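**Q** the sequence and its predicted three-dimensional model are supplied below.
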Amino acid sequence: MTTQNKGINWFITAWLVLMVTGLPANQLRAQDPTDSLIINVGKSQIIFLVRDKDDLKTLKNYDLNQILQKLSLQLNADSTLTSEATGVVSDTTIVVEEKEEEAIADDRTIENLEYRERERDYDNDYDDDDDERRRRRGPRVFSRHFFNIELGTNNYLQDGKFPDENNEPYAVRPWGSWYVGLVSVNQTYVGGPLYIEWGPSVTWYNFKFEEDAARIVDGDVTEFIIDQDPDVNFEKSKLTVAYVNFSVVPMIMSREDGRRNRSWSFYDKKDEDAGFRFGVGGYVGYRIASYSKTVIREGGDKNKDRDKDSFNLNNLRYGLRAQIGFRGTDLFFNYDLNELFNGGQGPKLNAFSIGLVL
């Protein structure tokens, strides 16, 4: 305690003793001759509860500045309860205990009050349109939801090779074999730089065959042939398979802004501070539709034929998924670990897709 504070405490002690013996009635009211002292200060009151006259001497051990600081924090914190109509602040009681012959304030209470003040000031100042303040704040939630569209190309491998290397009739064209996905993504914060992206999706494989005259022959075993009819002009042939899926992908995300690295808050694809991110996970899907489509021209007439069938396609789909992104751009890669057709009922093909997340 400084010399100045000791002088103030001695002055207050002496003043209180004088007040006990000689304060006018309109300024001093005693609820009990020996146990309380009430000092009116304007519309406010300072109340001292005294159990022994010798207790007045111990006032010199109290840091009155700290008590007043605590009182100020308490009043500021309780001001949120003030009625706008009446302007009345609820009663505030400050309890100070003496420890080892020295009165000390409850530091934990002061810290809590200061924290409440900072939170209240932040909430009052926060503006949704202020991106700088939003970047300083960091996340207050641990999960968010958004919707993605995935667009890319798909193909398949046979024993680790592309079928066109062996001139197979089911070889596909990379351009025109579009992969489309509608994805509902939940992004959940785990800790540090780790997040998990998970959720359902609906996706479509579109395998556009290299040979426009390729035809799927369905039976106990699905086969592919090349139609040799010279009178028919073949324009298109493809196989489409739709799935409903569920994926889980752990993601490592960083930010360019070092101030945010300590909070690892959610990135925004439109946020200039969104940095590098990478993840590897898995997915499982169930086939909900499949059909083949051919387009031919005969005698000047254009005919489209769509055949809905299972074609011995595998009902289940499961595999690995990788994602990589920087700022507003994300790439994905999916690889099916199981075969496209049921075992022994079609060619051994493992489908994959690669593209952009929009």
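**A** Thanks, I have the structure now. Owing to the predicted nature of the structure, the values given are computational and were not obtained by experimental measurement. Numbering: from 1, shown residues only.

**Q** from now on I want contacts and neighbour counts done on CA atoms only, so please keep to that.
**A** Fine.

**Q** contacts only, for the closest residue to residue 240 other than its chain neighbours.
**A** Spatially, and ignoring its direct neighbours in sequence, residue 240 is nearest to residue 206 (4.5 Å; CA to CA, 6 or more residues apart in numbering). By CA atoms under 8 Å, 6 or more residues apart in numbering, the contact list for residue 206 reads 154, 177, 178, 179, 238, 239, 240, 241.

**Q** by mean pLDDT, which helix or strand of the protein comes out lowest?
**A** Every helix and strand of the chain was ranked by mean pLDDT, DSSP states H and E. The lowest is helix 258-261, at a mean of 35.

**Q** what comes up buried for stretch 314-326?
**A** In terms of neighbour count (16 or more other CA atoms under 10 Å), stretch 314-326 has its buried residues at 314, 316, 317, 318, 319, 320, 321, 322, 323, 324, 325, 326.

**Q** show me what the lengthiest strand in the chain is packed against.
**A** Counting by DSSP state E, the longest strand found in the chain is strand 274-298. Applying 3 or more CA pairs under 8 Å, 6 or more residues apart in numbering; DSSP states H and E, one finds that strand 274-298 contacts strand 233-255, strand 301-308, strand 316-326.

**Q** need the ones you listed in TSV with distance to residue 173 and mean pLDDT, can you?
**A** As requested, these are exported to TSV (distance: least, CA to CA, whole Å; pLDDT from 0 to 100):
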stretch	distance to residue 173	mean pLDDT
strand 233-255	10	94
strand 301-308	19	92
strand 316-326	22	97
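
**Q** I'd like to know which of the ones you listed lies nearest to residue 357.
**A** Ranking those by proximity to residue 357 (CA to CA) places strand 316-326 first, at 9.2 Å.

**Q** next structured bit after the closest one?
**A** The element immediately downstream of strand 316-326 (helix or strand, assigned by DSSP states H and E) is strand 329-336.

**Q** buried residues in that next one?
**A** 330, 331, 332, 333, 334, 335, 336.

**Q** so which strand or helix has the nearest residue to the second one once chain neighbours are set aside?
**A** Leaving aside its sequence neighbours, residue 331 sits nearest to residue 356 (CA to CA, 6+ apart; 4.7 Å). With secondary structure defined by DSSP H and E, residue 356 is part of strand 350-357.

**Q** got the angle for that strand vs strand 316-326?
**A** Angle, strand 350-357 to strand 316-326, by axes from the mean of the first three to the mean of the last three CA atoms, to 10 degrees: 30 degrees.
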